[in-house]
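S.K.: my questions are about this predicted structure, shown below with the sequence.
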Amino acid sequence: MSTPHNRAENGDFAKTVLMPGDPLRAKFIAENYLEDVRLVNDVRGMLGYTGYYKGKKVSAMGSGMGIPSISLYAHELYSFYGVESIIRVGTCGGYSEKVPVGGLILAQAACTNSAWMQSYSLPGTYAPISDFGMLSRAVKTAEELGIRASVGNILSSDEFYTPDAEGWKKWAAMGVLGVEMESAGLFCTAAYLGKKALSILTVSDHFVLDQADLTSDERQTTLDDMIRIALEIAE
Ligand code: HPA
């Protein structure tokens, strides 16, 4: 068995898959947190691994950047590989003074400026949300591990470079905590297929606060916080 973008066999993936944007980060997760690891996909370099965390079978695979990319990979994992939950572990730009660079966001929902959802032909505007059970377990786990994490709304944008330099302020005025490029597509895909998803994000750069971007050391620590929360709540 395989799909156009995945060469894994039936049963190669765990029920829960951690999805960083960067496939090399999936490799990092596999090599540093999982035991008895196997490479299960490398089509187009989108590395996917399966191993064990505290005896629990867990997978990690890259999603690529943007809604079309994560939605495609998530669709195949959910539909063809029996995956039940996907946890995006990524970075975002900060829109709120309440969450500085290095802060963690547990995405309750994801607004979007993407036209991608139009393919569902809904007679209105869908509100992409994360799975409440996963979200509440992530909140509890963060508390138990002593990791500060903010819960709230984010924006999944189709643009990293945008001609509308002021547009972000309107989202920030609506209480949106930060911007990335994937979660809305992941949440819609999960909803459509009756599956579960959550996004855990680290603020890597900031639109409001005059802070330096994350250093590589800080990136490592916050990455560790995100990955620990994700692995602990994996089912
Ligand atoms: N925009 C979009 N995606 C991002 C950003 C950003 O500023 N930072 C990290 N991911």
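M.R.: Right, received. Where do you want to start? Treat the numbers as computed from the prediction; the structure is a model and nothing was measured. Numbering: from 1, shown residues only.
S.K.: report the secondary structure state of the most centrally placed residue in the chain.
M.R.: Geometric centre of the chain, nearest residue: residue 88, 1.8 Å, by CA atoms, centre = their mean. Look at residue 88: counting by DSSP: H, G, I helix; E, B strand; the rest coil, its state is strand.
S.K.: bridged to it, which residues?
M.R.: Beta bridges link residue 88 to residue 19, residue 199, judged by DSSP bridges.
S.K.: contacts only, for it.
M.R.: 19-20, 63, 70, 182-183, 186, 197-201 (CB atoms under 8 Å, 6 or more residues apart in numbering). (C-beta placed from N, C-alpha, C; glycine too.)
S.K.: what's the separation between the closest residue to the ligand within the chain and residue 17?
M.R.: Of all residues in the chain, residue 93 sits closest to the ligand, at 2.7 Å by CB to the nearest ligand atom. From residue 93 across to residue 17, the span is 25 Å (CB to CB, to the nearest Å).
S.K.: what does residue 89 give?
M.R.: From residue 89 across to residue 17, the span is 11 Å (CB to CB).
S.K.: so for the two, which sits in the more crowded spot?
M.R.: residue 17 (29 against 25; other CB atoms under 10 Å).
S.K.: isn't that one right up against residue 87?
M.R.: Yes - the pair residue 17 / residue 87 is scored as a contact, 7.4 Å apart, by CB atoms under 8 Å.
S.K.: which other helices and strands does the helix or strand of the chain with the lowest mean pLDDT contact?
M.R.: Within the chain, judged by mean pLDDT, DSSP states H and E, the helix or strand with the poorest mean is helix 216-233; its value is a mean of 88. Packing contacts for helix 216-233, counted by 3 or more CB pairs under 8 Å, 6 or more residues apart in numbering; DSSP states H and E, involve strand 16-19, helix 23-33, strand 85-94, strand 104-112, helix 132-145, strand 196-206.
S.K.: mean pLDDT for those - can I get that in TSV?
M.R.: As requested, the helices and strands packed on helix 216-233 are exported to TSV (pLDDT from 0 to 100):
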stretch	mean pLDDT
strand 16-19	98
helix 23-33	96
strand 85-94	98
strand 104-112	98
helix 132-145	98
strand 196-206	97
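S.K.: nearest to residue 124, of those?
M.R.: strand 104-112 (14.4 Å; CB to CB).
S.K.: how big is the angle separating the closest one from strand 196-206?
M.R.: Using axes from the mean of the first three to the mean of the last three CA atoms, to 10 degrees, one finds that strand 104-112 and strand 196-206 are set 100 degrees apart in direction.
S.K.: so for strand 104-112, what gets flagged as buried?
M.R.: 104-112 (16 or more other CB atoms under 10 Å).
S.K.: just these that are near the ligand?
M.R.: Among the buried residues of strand 104-112, not one lies near the ligand by CB under 6 Å from any ligand atom.
S.K.: can you tell me which residues in the chain are near the ligand?
M.R.: 91-93, 157, 160, 179-181, 204-205.
S.K.: one more time with 5 Å, if that's ok
M.R.: Residues of the chain lying close to the ligand (CB under 5 Å from any ligand atom) are 91-93, 160, 179-181, 204.
S.K.: ok, residue 174 - how many residues close by?
M.R.: Residues near residue 174, counting by other CB under 10 Å: 10.
S.K.: begin at 302 from now on, thanks
M.R.: I'll keep to 302 as the first residue from here, and by that count the last item is residue 475.
S.K.: so who does it touch?
M.R.: Here residue 475 is in contact with 412, 454 (CB under 8 Å, 6+ apart).
S.K.: now do 10 Å
M.R.: Contact analysis of residue 475 by CB atoms under 10 Å, 6 or more residues apart in numbering lists 396, 412, 454, 456.
S.K.: before we move on, what about residue 348?
M.R.: Contacts of residue 348 by CB under 10 Å, 6+ apart are 323-328, 331, 340-342, 361-363.
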